[in-house]
Each structure stands twice: as C-alpha cells, then as structure tokens.
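>>> how does the following fold in three dimensions:
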Amino acid sequence: MSTDAVTFAGLQVASFESRRAQDMTRLIERRAGRPYVSPSMREVPLEHNQAAVDFANRLITGQMDVVIFLTGVGTRHLLTQIERHVDRDRFLAAVSDAKSVVRGPKPLTVLREFGITPSIVVPEPNTWRELLTTLDQQLPVANLVVGLQEYGHTNPSLIAGLEARGAVVDRLHVYDWALPEDTAPLAANVQRIVAGEIDVALFTSAQQVINLLKLADDLSLLDELRDGLRNAVIASIGPTTSDMLRTNALPVDVEPLHPKMGHLVQAAAEQAAVILSRKRQIRAKVKAAAGLTAQPWQDSVFLRACRRELVDYTPIWLMRQAGRYMPEYRAIRQRMSFLELCRNPQCCSEVMCTAVEQLGVDAAIVFSDLLPILEPMGMELEFVHDEGPQIHNPVRDSGDVDRVIELEDADELYFVMEAVRQTRADLPAHIPLIGFAGAPFTLASYAIEGGSSRNYLHTKTLMYRDKIAWHELMQRLTRSVIVYLNAQIAAGAQAVQMFDSWVGCLGVDDYRQFVLPYVTQVIRGITPGVPVINFATGNPQLLPMQAATGAAVIGVDWRIRLDEAWKMIGHDRAIQGNLDPLALLVDKSELRRRAIAVLDQAAGRPGHIFNLGHGILPQTPVDHARALVDIVHEHSACV
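Numbering: from 1, shown residues only. Just a heads-up that it's a prediction; the model follows:
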C-alpha cells in the first residue's frame with residue numbers, strides 16, 4: 001500500500017507538535033484533509049546555566065570518560081551557555097578526546113558542524129533501548145563516568161539503565177519545555193477532545209502529554225480530557241512518549257516501528273478506523289452492562305457505601321465467601337480440579353450464588369483465581385494438590401521478561417468473562433457483582449518466584465538489580481490488568497477489586513518506587529464510574545500510598561485498627577475490612593464482640609464495607625460466617 005493510498009477515512013485528527021507543526025499538517029492533509037494541529041510546547045534555554053559551565057570544565061579536566069548527546073538542539077544550547085565562560089576550542093577538543101555518543105542524526109549533524117566525528121552513532125529507531133544496547137555491544141560503561149546531555153524530559157529508564165550497568169551518570173539539563181506563548185489553539189483542541197469531536201490524537205513527544213494535561217487542569221477539564229482521550233485513538237511516536245502516556249493512565253493504541261513523523265502518520269492512518277470501531281463497541285457493551293437506565297444494584301448498600309453515601313446498615317461481603325469451608329463447594333471439587341472449576345462458568349456461578357444465598361451478604365465476587373491471567377501472558381501455570389500454584393517457566397532476568405506477552409484483549413480469558421456474565425444473570429438483581437484481578441506486584445512475584453515464597457528472594461533480586469527489566473515487566477502486567485478488569489466490567493461487573501496479597505513484604509520506600517506508579521496507572525485506567533477496591537496485606541504503613549492511587553475504596557487487613565487505618569487513608573475514601581479471619585473460629589459470643597468492635601471503630605461514618613482482613617479459612621463453620629453477616633446487619637442498623 002502506498003503512502004498516498006492510506007487515508008484516515010474522514011476521521012477527525014488532532015496533532016500536538018512543537019516546532020514542526022507545518023510538517024505534521026502537510027503529512028496529515030494528504031490523508032485526512034486539514035487536521036487540528038496545535039503547537040503544544042516551546043523550548044526554553046536555561047539562562048545563566050552554571051551547571052553547564054561546571055559540566056564543561058569537568059569534561060575538559062578529564063573527569064568524564066564518555067559523553068552522550070541526546071538532542072541536536074540541546075547540543076547547540078550547551079555550546080551557547082558555556083562559550084562566555086569556557087574556551088570553546090578546549091571544550092570541543094575534550095569532546096573529541098572522550099568517547100562521544102550521539103543518539104541519532106540531529107546531534108550528529110551539530111557535532112559534524114563543529115568538526116567532531118562521534119565515536120558511536122546509535123542506530124534507528126534511536127530510542128533509549130537502542131542506546132543501551134549499542135553501549136553494551138561497543139562501549140561497556142561499568143565503572144565509567146558518563147556525561148549525559150539530557151532531553152527536556154529524559155526517560156528515567158535510560159538513567160536507570162546506565163546506573164544498572166555500573167556507570168556514574170553526570171547529568172546536564174540545558175533547556176526546559178514550556179507551554180506555547182499562544183495557548184488558544186491548544187485550548188481549542190482540549191475543548192474538541194472533551195466534546196468528543198476528535199477521533200485520533202497524535203503525540204510526538206512526552207512533554208506534549210505533560211503540557212496538554214497541564215493546560216486541561218488549568219481549564220478545570222482534566223478528568224474530562226482523560227475520558228475524551230480514552231475514547232479516541234491515541235498514537236505515540238515512540239517509547240518515551242508512550243511511557244509518559246501510560247504513566248498518566250492513558251492508552252497507547254498506535255506506536256510505529258520507527259519514531260519518525262511519517263511513520264507515525266502512516267501507522268495511525270492504517271490502524272485508526274479499526275481501533276476506533278473496537279473502542280466504540282467496548283464502550284457500548286460497558287454502557288449496556290452498567291445500565292444507564294436505573295438498575296436495582298445501583299442503589300445497593302454496597303455501591304452506596306463505595307460512594308460514601310448514607311446507608312441503612314453496613315454492607316458486608318467476605319473474601320473467599322465461596323470456598324472450601326462450604327460443603328457444596330467441596331462436592332463440586334470432588335468432580336473437577338480447581339483450574340477446571342475456574343474454567344467452568346456455570347459452576348463458578350453456582351458456587352458463588354449458593355454462598356450469597358446461604359450467607360445473606362450484600363455483594364458477590366466472581367469465582368476465579370488471581371493467576372489465570374498469567375497463562376495467556378506466556379506462563380506455564382499448574383495448581384498442584386497440597387502445594388498450590390506453580391509456574392514452571394518463572395521470570396528471572398531481562399531475557400525472561402522479553403517472553404512475557406502483554407494482553408491486547410481478554411479473548412483467551414473468555415471463561416472468566418462468561419463466568420461474570422453467568423453470575424450476573426443468576427444473582428438477585430439487587431446484589432452487585434465484583435470483578436477482580438491480582439495487582440501488578442503480586443502477579444510479578446508469582447511469575448518471578450514460580451510459586452509462594454517466604455522471603456521473595458528472586459522478586460527483590462530482579463527489582464533491585466535490574467530496574468529496567470522490573471519496569472518492563474510491571475508495565476506489561478499493568479496494561480494487561482487494565483484490559484482484564486475492563487473486560488470484566490464490560491461483561492457485567494459493577495465494581496472491581498485488586499488483590500495485592502504479597503506487597504506487605506515491601507517497605508514504604510520500595511513500594512513508592514517500584515509499585516505505586518503501576519497501581520495508580522491501573523486505577524486510572526479503569527472504566528470511569530466503576531468503584532475500585534485496592535486491597536493489600538501485611539504492612540499498614542503502606543496505607544497512605546494505597547489511598548494516593550485514587551482508589552474509591554481501600555481494603556484493610558487485621559494488623560491495624562479500622563479507625564487508625566481510616567485516619568491514615570483519609571475520610572474522603574471508603575474503607576473495607578477488617579476482622580481477623582480466625583475470629584470466625586471462636587465461639588459466637590466472642591465473634592459478636594469482635595465484630596461489634598470493628599463496627600464501633602467505624603463509628604457509623606459513611607463509607608464502611610465490612611469484610612475480613614483476608615479470605616475465609618477452610619476450617620470455618622458455615623453457621624459462624626452466616627452469624628457474622630447477621631451481627632453486622634443487626635448491630636449497624638441500630639447505631
């Protein structure tokens with residue numbers, strides 16, 4: 001197919017450019033008529049940049065072994081900023097004497113203008129990945145000091161990659177990005193996206209994403225802009241821009257093989273119509289499942305509590321409320337394995353609806369497991385009797401991460417979606433259905449450890465030693481979880497819960513660095529209006545950051561009092577929890593005392609959902625679970 005033959009089929013296209021808006025306009029006009037092209041940023045050189053002068057002097061005095069130039073404009077700004085304070089010829093000679101690396105043709109052109117032939121030219125597509133691979137092949141940087149002329153926005157994975165290879169990175173920032181002096185065209189595009197008038201949005205740098213969101217925030221349209229972009233086709237020019245979009249919980253629908261404007265427009269033109277059609281179909285399914293006409297479950301005590309509205313009594317449901325403690329469940333398990341049960345939608349619905357009916361709980365959760373999502377991602381999963389889940393091809397290094405397949409859709413998990421649909425159809429209309437998934441860290445830990453673990457040796461080894469591999473694995477899991485949960489919502493779930501069962505092995509600093517960005521990305525990527533419960537166990541000090549993810553409800557285990565936990569997460573969040581599951585094994589009078597203690601800590605504040613601090617244990621008497629539900633309903637109705 002020739003370039004001229006590819007069209008956007010009449011779709012409305014918005015492009016966000018920096019200095020080359022006319023070039024982008026001409027490219028798109030050949031395929032879609034006149035697009036909405038908005039200059040979204042301008043380069044602002046730093047004034048009186050003493051850091052640049054110091055950087056130049058360190059290079060001249062032999063304190064750097066390698067110098068990397070990432071951008072042509074940055075290379076020019078550097079020379080301009082040092083020329084009044086440093087002998088220019090000495091600086092250029094020092095660049096020649098050191099090992100010099102250019103990321104692509106633009107800094108190469110600038111250096112050649114000054115008579116310098118760089119030691120290494122990074123091949124196309126010139127991303128940070130090619131840069132690191134080239135250094136591995138031609139210039140190992142272990143124990144070397146690497147001077148780095150940064151982008152206006154530098155991908156943190158590049159810095160982490162250099163440091164992981166043993167380099168000491170000497171960073172230099174020579175220019176910033178700012179909004180254009182005339183923001184009217186960009187503001188107009190924000191309004192068009194919010195109004196649903198834009199079908200395709202093209203981004204050619206990470207900073208454009210930042211500036212677009214900033215301007216939308218200034219216009220008090222940030223949430224509306226996010227929704228509008230999710231409903232459009234988002235095309236990104238390359239990995240750095242894609243990472244920025246995903247960090248801000250926006251999807252990347254198109255990314256060309258080469259990060260060039262022509263390739264971007266070509267790829268978007270070829271793919272946009274099909275992607276947009278699929279997105280519209282999914283939206284229609286979600287809209288139908290949510291039932292924009294009033295559905296009985298919308299006014300349920302559970303969903304009202306998720307919204308922190310006043311309720312007549314505290315809602316309650318129990319993790320593992322359909323499980324081995326129930327004779328009906330054990331009878332089904334005698335006929336099939338656990339994995340066979342998870343793949344049988346009719347039986348999944350039967351065991352859950354039986355539990356709801358017997359216990360009288362206020363919500364159901366689809367019967368499944370955390371780990372089936374890993375199978376279509378390339379993991380060889382087996383549930384071994386008396387040993388639990390085992391993964392026979394665990395992820396242990398960056399090479400293993402490369403074989404982890406990111407979910408583009410949930411088609412291979414059709415049995416989970418069918419279980420959602422079947423359970424929704426079989427439940428009483430006033431009972432909401434909760435979908436769920438493992439959180440990225442817990443899924444990563446299973447994939448890395450190959451099963452359960454006491455000390456998470458392999459997980460933490462990969463996390464600490466190879467941050468790039470960790471980032472890539474978590475990104476693939478994060479995007480897959482978003483696809484998985486949204487598919488459950490489209491199939492009929494009214495809320496979703498993320499289980500981070502293993503994250504308590506981390507301290508606060510590690511959670512902030514290695515986990516928080518990904519959980520936040522998942523929650524921002526969930527279908528708007530659907531409550532997300534963020535449940536983690538093991539370390540109550542993580543609660544404030546769990547709340548910072550934006551989840552509507554924070555699940556709490558029994559290791560902290562409910563009132564203290566609510567103070568930590570803030571009363572602008574609903575809370576779920578938090579009776580110790582072992583309390584269900586004591587006599588009913590003690591069970592009653594402990595349940596009422598939790599309710600008293602909630603103090604009748606709107607937004608409390610009663611639950612256990614973890615799942616029901618197999619030894620639990622069924623009548624104790626039923627008694628707990630009655631205690632919660634009766635006591636909270638009297639408060």
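>>> can you tell me the SS state at the residue nearest the centre of the chain?
Centroid-nearest residue in the chain, with CA atoms, centre = their mean: Q521, separated by 2.9 Å. Here Q521 is recorded as helix under DSSP: H, G, I helix; E, B strand; the rest coil.
>>> show the contacting residues for it.
246-247, 249, 478, 482 (CB atoms under 8 Å, 6 or more residues apart in numbering). C-betas here are computed from N, CA, C, even on glycine.
>>> ok, now with 7 Å
246-247, 249, 478 (CB atoms under 7 Å, 6 or more residues apart in numbering).
>>> which of these fall in helices?
246-247, 478 (DSSP state H).
>>> ok, what's across the strand from V168?
Counting by DSSP bridges, V168 forms beta bridges with V145.
>>> low-confidence ranges in this protein?
For the chain, the stretches flagged by pLDDT under 70 are 1-10, 16-46, 152-156, 176-177, 282-283, 285-294, 386-387, 639.
>>> tell me the SS of A437?
Going by three-state DSSP: A437 is strand.
>>> got the contact list for it?
373, 481, 484-485, 498.
>>> mind doing that once more with 8 Å?
By CB under 8 Å, 6+ apart, the residues touching A437 are 370, 373, 481, 484-485, 488, 496, 498-499.
>>> S96 now?
Going by CB under 8 Å, 6+ apart, S96 touches I116.
>>> what comes up buried for the host helix or strand of it?
Using DSSP states H and E, S96 sits in helix 88-97. For helix 88-97, the neighbour count (16 or more other CB atoms under 10 Å) marks 91, 94-95 as buried.
>>> same question, stretch 574-588
Applying 16+ other CB under 10 Å to stretch 574-588 flags 574-581, 583-584 as buried.
>>> and of those, the nearest to E406?
Each of the buried residues of stretch 574-588 was scored against E406 by CB to CB, and Q576 proved nearest at 29.8 Å.
>>> beta partners of the closest one?
G555, I609.
>>> restricting to C-alpha, output the helix or strand in which S242 is found in CSV.
According to DSSP H and E, S242 maps onto helix 239-247. Only the C-alpha atoms of helix 239-247 are listed here, as CSV (Å, rounded to 0.1, in the frame of the first residue of the first chain):
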residue,chain,number,x,y,z
PRO,A,239,8.7,4.6,23.6
THR,A,240,9.4,7.7,25.7
THR,A,241,6.2,9.3,24.6
SER,A,242,4.3,6.0,25.2
ASP,A,243,5.7,5.7,28.7
MET,A,244,4.6,9.2,29.5
LEU,A,245,1.1,8.5,28.2
ARG,A,246,0.8,5.3,30.2
THR,A,247,2.2,6.9,33.3
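>>> and that helix, how far out from the chain middle?
Put simply, helix 239-247 sits 11 Å off its chain's centre (CA atoms, centre = their mean, to the nearest Å).
>>> ok, and what's touching the helix or strand hosting C348?
Here C348, judged by DSSP H and E, is contained in helix 345-359. Helix 345-359 has contacts (CB under 8 Å, 6+ apart) with 318, 321-322, 326, 328-329, 332, 336, 341-342, 361, 364-368, 415, 418-419, 421-423, 425-428, 431, 622, 625-626, 629.
>>> ok, now with 6 Å
Helix 345-359 is contacted from outside by 321-322, 328-329, 332, 341, 364, 367, 415, 418-419, 422-423, 426, 625-626, 629, using CB atoms under 6 Å, 6 or more residues apart in numbering.
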